[in-house]
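Provided below are the primary sequence and the corresponding predicted coordinates.
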Amino acid sequence: MERNSAFNIAAKIEAAGVSLTSNQAVADMLEIVGEEVARRARRNARGKGGRRFWVQDIMDSIHSEAYQGGQIVGSTHVAAAHKQFGGEISAPGKGEGALHRQYLTIPAGAARQNRWDTDKAKAAGYKLFRVKRKSDGAQFLFGTRGKAKGPAELLFILKKSVFQKADPWFPMGAELEAAVKKGIDLYLSTLE
């Protein structure tokens with residue numbers, strides 16, 4: 001699990017004033033609290049909508065694990081921290097299918113509407129070709145269908161980099177505090 005996109009909950013448990021007498025008790029409580037935080041993170045990812053990226057890729061990559069006497073909750077997906085905090089995306093990317101690509105392909109027109117990448121556009125019958133605008137050097141991928149020369153459709157805008165605004169999904173602030181508190185309460189209820 002990448003450590004830079006995770007949250008260590010041990011400090012939050014100490015701040016809640018909970019004192020435990022054995023290492024096993026600490027580990028047990030951290031595991032329960034970590035799972036509660038992970039559950040909320042999964043719920044938030046699922047709440048982003050029916051997109052495969054959120055429901056399968058991000059949500060399925062969220063987990064909690066013991067780490068150096070604490071509990072780490074986070075996502076192993078390469079884009080998780082970037083979606084949480086935003087920032088620049090540059091070509092070549094790190095994601096699946098992005099290696100050795102000179103440009104990011106930003107879907108437009110039918111490609112955006114159908115959530116296509118270039119492979120899906122080709123599978124839909126489009127023959128793709130690149131166009132470079134002389135005035136500013138901007139580049140685009142257009143496509144035509146079939147063998148006959150028909151009208152070309154703009155399918156992708158090619159860019160070296162784009163700025164993506166943050167789309168937070170991991171519980172933070174009051175939501176994170178509530179998840180930690182609930183996890184502590186769940187642990188304490190197991191002792192009764």
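Nice, thanks for sending it over.

Just the residues contacting the helix or strand hosting Met29, thanks.
In this assignment (DSSP states H and E), Met29 forms part of helix 23-46. For helix 23-46, the external contacting residues (CB atoms under 8 Å, 6 or more residues apart in numbering) are 7, 9-10, 12-13, 18, 20, 54-55, 58-59, 62-66, 69-73, 75, 168-171, 175-176, 179-180, 182-184, 186-187, 190. In this view, the C-beta of every residue, glycine as well, is placed from N, C-alpha and C.

now swap in stretch 124-134 and tell me
110, 114, 116, 118, 121-122, 138-146, 152-153, 155-156, 158.

Just the residues you listed: which are in helices?
Mapping the contacts of stretch 124-134 onto helices (DSSP state H) picks out 110, 114, 118, 121-122.

Please tabulate these in CSV and include pLDDT as additional columns.
Below are the ones in helices among the contacts of stretch 124-134 laid out as CSV (pLDDT from 0 to 100):
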residue, pLDDT
Ala110, 92
Asn114, 92
Thr118, 88
Ala121, 91
Lys122, 90
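
Domains in the chain, by residue range?
Taking automatic domain parsing as the reference, the chain has its domains at 3-84+165-191, 88-163.

related to what we said a few turns ago, name the member of the ones in helices among the contacts of stretch 124-134 with the most neighbours.
Ala121 (23 neighbours; other CB atoms under 10 Å).

about what we covered before: tell me the buried residues within the contacts of helix 23-46.
Listed as buried from those are 7, 9-10, 12-13, 54-55, 58-59, 62-64, 70-73, 75, 169-171, 176, 179-180, 182-184, 187; burial here means 16 or more other CB atoms under 10 Å.

Many thanks, I have nothing further to ask.
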